[in-house]
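>>> Mind folding the following:
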Amino acid sequence: MVVLIIVIVIVVLLALGLWAGYNGLVKRRNRTQEAWSEIDVELKRRHDLIPNLVSTVQGYAAHEKGTFEAVTQARANAVAAGATGDPGQIAPAENALSGALRSLFAVAENYPQLRAVESFLQLQETLTATEDKIEYARRYYNTSARDYNIALQTFPRNMIAGPFGFKAVAFFATDEDERAVPQVSFSGSGPGAAGPAPLPVAGPEGLPPAAGTQGSPPAG
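Predicted coordinates for the structure are as follows:
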């Protein structure tokens with residue numbers, strides 16, 4: 001009788017441990033998926049802004065065909081990578097898009113008259129705000145992904161992760177060289193002239209720091 005009670009107690013404890021471990025993994029996985037959805041929304045917003053931005057700059061620098069084609073192709077690649085839902089594929093594509101956007105803003109810097117175009121200023125302001133949101137969402141996602149991956153690898157959760165289909169997720173990484181490239185600054189000429197605010201440092205989806213300065217890399 002005593003043996004039976006001991007066996008029942010052990011079975012109940014194992015069941016409780018399994019229940020707690022499984023629910024913990026589900027909670028962390030859902031948090032990671034929620035964090036990724038925030039990145040996905042902002043990346044799509046970023047992609048939607050680019051055609052209008054290219055069109056606006058193209059109106060003043062139509063001969064810069066190679067730059068516009070590079071941005072358009074990089075955007076198409078980023079959209080295609082986004083359809084996979086895999087951060088490991090999306091991050092490099094977004095890095096490439098960031099590089100193409102730097103070239104576009106470098107072209108735009110040579111045309112001060114763009115500073116007077118309201119649509120361009122609005123697009124730049126919206127893109128800046130979007131980059132900030134992407135960076136915040138990226139940090140939150142990477143933190144959630146780290147906690148989830150750690151839970152998958154630690155005992156006893158690692159004993160149930162495989163059988164129940166829990167898999168590690170990739171981080172949304174930032175290339176180190178993406179952080180170090182100086183950014184275009186639309187500095188005006190003449191008294192009272194002021195260009196739009198420099199775009200902040202962001203992650204693989206972000207834009208570089210202000211021209212003539214070297215921005216420090218973001219944490220995370």
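>>> which other helices and strands contact the top helix by length along the chain?
Ranked by number of residues, the top helix in the chain under DSSP state H is helix 2-58. The helices and strands touching helix 2-58, judged by 3 or more C-beta pairs under 8 Å, 6 or more residues apart in numbering; DSSP states H and E, are helix 65-84, helix 87-109, helix 118-153, helix 157-161. C-betas here are computed from N, CA, C, even on glycine.
>>> Now find how far off-centre the first one is within its chain.
Looking back up the chat, that one is helix 65-84. Chain-centre distance of helix 65-84: 16 Å, with C-alpha atoms, centre = their mean, to the nearest Å.
>>> So for that helix, mean pLDDT?
Mean per-residue pLDDT for helix 65-84: 92.
>>> just the angle between it and helix 87-109, please?
160 degrees (axes from the mean of the first three to the mean of the last three C-alpha atoms, to 10 degrees).
>>> Could you do the third one as well?
Orientation check (the same axes, to 10 degrees): helix 118-153 against helix 87-109 gives 160 degrees.
>>> ok and helix 118-153 relative to helix 2-58, angle-wise?
Angle of helix 118-153 versus helix 2-58, following the same axes, to 10 degrees, is 160 degrees.
>>> Distance from the chain centre to helix 118-153, please.
Taking C-alpha atoms, centre = their mean, the mean C-alpha location of helix 118-153 is offset from the chain mean by 5 Å.
>>> For Leu18, see how far away Leu43 is.
37 Å (C-beta to C-beta, to the nearest Å).
>>> ok, these two, which is more surrounded?
For the pair Leu43 and Leu18, the greater number of neighbours falls to Leu43 (25 against 15), based on other C-beta atoms under 10 Å.
>>> Spit out the contact partners of that one.
Shown in contact with Leu43 (C-beta atoms under 8 Å, 6 or more residues apart in numbering): Ala78, Gly82, Ile90, Glu94, Ile134, Glu205.
>>> can you rerun that using 10 Å?
Leu43 sits next to 78-79, 81-82, 90, 93-94, 97, 130, 133-134, 137-138, 172, 205 when contact means C-beta atoms under 10 Å, 6 or more residues apart in numbering.
>>> circling back: redo the helices and strands packed on helix 2-58 as CSV? Include distance to Ile5.
CSV is the format used below for the helices and strands packed on helix 2-58 (distance: least, C-beta to C-beta, whole Å):
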stretch, distance to Ile5
helix 65-84, 53
helix 87-109, 49
helix 118-153, 33
helix 157-161, 25
